[in-house]
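K.L.:
got a sequence here, can you build the structure:
(one chain, ligands or ions: 2)
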Amino acid sequence: MRRLRWIFKFWGCFFFLLAVDPLQAQCRFVRGDMNGTGPVDLADAVDILAYLYIGESVPTCPDAADANDNGVVDLGDYIYLTRWMFGNGPPPPAPFPTAGTDPTPGSTVPAERDARF
Ligand SMILES: [Ca+2]
Ligand SMILES: [Ca+2]
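P.N.:
Residues are numbered from 1 along each chain as shown. Ligands and ions are numbered 1, 2, ... in the order given. Next comes the predicted model:
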């Protein structure tokens, strides 16, 4: 009986750690590459609008859509990307232009779409 209890505790802790491991929640992405095609282009900016306002183009990695890395996906990300594309704004923060994980994990975007839109 004691051994059985130990086995349940061991596997319970194992599955709990798997469920809350923040490294598993991260994905590799290029910031701004909303549609996951590789390059960051105008289609990504348009897909941010489609995601926000008509519920289409859901990103596989929500952090990719957070172009300005402020922790939320909103109209500011569209503006940030288009300002950079047309020469008046800074490039997206890391990971950019090569794929990587979010260096600011405290601002990870939730997987669900923002309910305000
Ligand atoms: Ca893209
Ligand atoms: Ca943002």
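
K.L.:
G36: neighbouring residues, count only.
P.N.:
15 (other CB atoms under 10 Å). All C-beta atoms are positioned from the backbone trio N, CA, C, and that covers glycine.

K.L.:
okay but it is in contact with S57, surely?
P.N.:
No. G36 is beyond contact range of S57, at 10.2 Å (criterion: CB atoms under 8 Å).

K.L.:
can you map out the helices along the protein?
P.N.:
In the chain, the helices defined using DSSP state H lie at 2-20, 22-25, 42-53, 62-65, 75-85.

K.L.:
lowest mean pLDDT across those, which one is that?
P.N.:
If you rank the helices of the chain by mean pLDDT, helix 22-25 sits at the bottom with a mean of 49.

K.L.:
are stretch 47-62 and ligand 1 in contact anywhere?
P.N.:
No. Using CB under 5 Å from the ion, stretch 47-62 stays clear of ligand 1, with a minimum separation of 7.8 Å.
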